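Asker: Predicted model and sequence follow; I will ask about them next.
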Amino acid sequence: LLKILSLIAFKEYVLKEVITPSKLIRIFGKAVTQDLDELQTMSLINVTPKGNKREITVTENFLNLFKLPHEPDKTKTAIQRGLKDYAMSQLQMTD
């Protein structure tokens, strides 16, 4: 679930891309639909109809859970900083 949430937030805030269930199925496989249902039940994502597609976004509950700012530019910076910190920690573990 965390990988799915991370990808949704990264695409939404950093890449400014729309993520759809079909994109997630291509990445994670058909079983991701159960995970999306669970994330919706947990109020961490919204799945909204947009034309003939459905768009997935993270909710305020997601931002609160991970202590992210509610301003999009600040959220983008926080996600990028988190990725950089994670990458640096992984590099240090291999030294």
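Answerer: Happy to help now that I have it.
Asker: Identify the residues contacting the nearest residue to residue 27 once chain neighbours are set aside.
Answerer: Nearest non-adjacent residue to residue 27, counting by CB to CB, 6 or more residues apart in numbering: residue 7, 7.1 Å away. C-beta here means a position set from N, CA and C on the backbone, and glycine is covered the same way. Contacts of residue 7 were listed using CB atoms under 8 Å, 6 or more residues apart in numbering, and they are 19, 24, 27.
Asker: go again using 10 Å as the cut-off
Answerer: Taking CB atoms under 10 Å, 6 or more residues apart in numbering, we find residue 7 in contact with 19, 23, 24, 27, 28, 56.
Asker: Among those residues, which ones are in helices?
Answerer: Cross-referencing the contacts of residue 7 against helices under DSSP state H gives 23, 24, 27, 28.
Asker: of these, buried ones?
Answerer: 23, 24 (16 or more other CB atoms under 10 Å).
Asker: Report the buried residues of the biggest helix by length in the chain.
Answerer: The longest helix of the chain (DSSP H) is helix 72-94. Across helix 72-94, burial judged by 16+ other CB under 10 Å covers 75, 76, 78, 79.
Asker: try stretch 58-72
Answerer: Of the residues in stretch 58-72, 58, 62, 63, 66, 68 count as buried by neighbour count, 16+ other CB under 10 Å.
Asker: Contacts for it, please.
Answerer: In contact with stretch 58-72 (CB under 10 Å, 6+ apart) are residues 2, 5-6, 8-9, 12-13, 16, 19, 39-40, 42-46, 74-79, 82.
Asker: Can you lay out the contacts of residue 7 as a markdown table showing distance to residue 87 and pLDDT?
Answerer: Putting the contacts of residue 7 into a markdown table (distance: CB to CB, whole Å; pLDDT from 0 to 100) gives the following:
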| residue | distance to residue 87 | pLDDT |
| --- | --- | --- |
| 19 | 22 | 95 |
| 23 | 24 | 95 |
| 24 | 23 | 96 |
| 27 | 20 | 95 |
| 28 | 22 | 95 |
| 56 | 25 | 97 |
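Asker: which one of those is nearest residue 91?
Answerer: Distances from residue 91 to these, taken as CB to CB, are shortest for residue 27 (24.9 Å).
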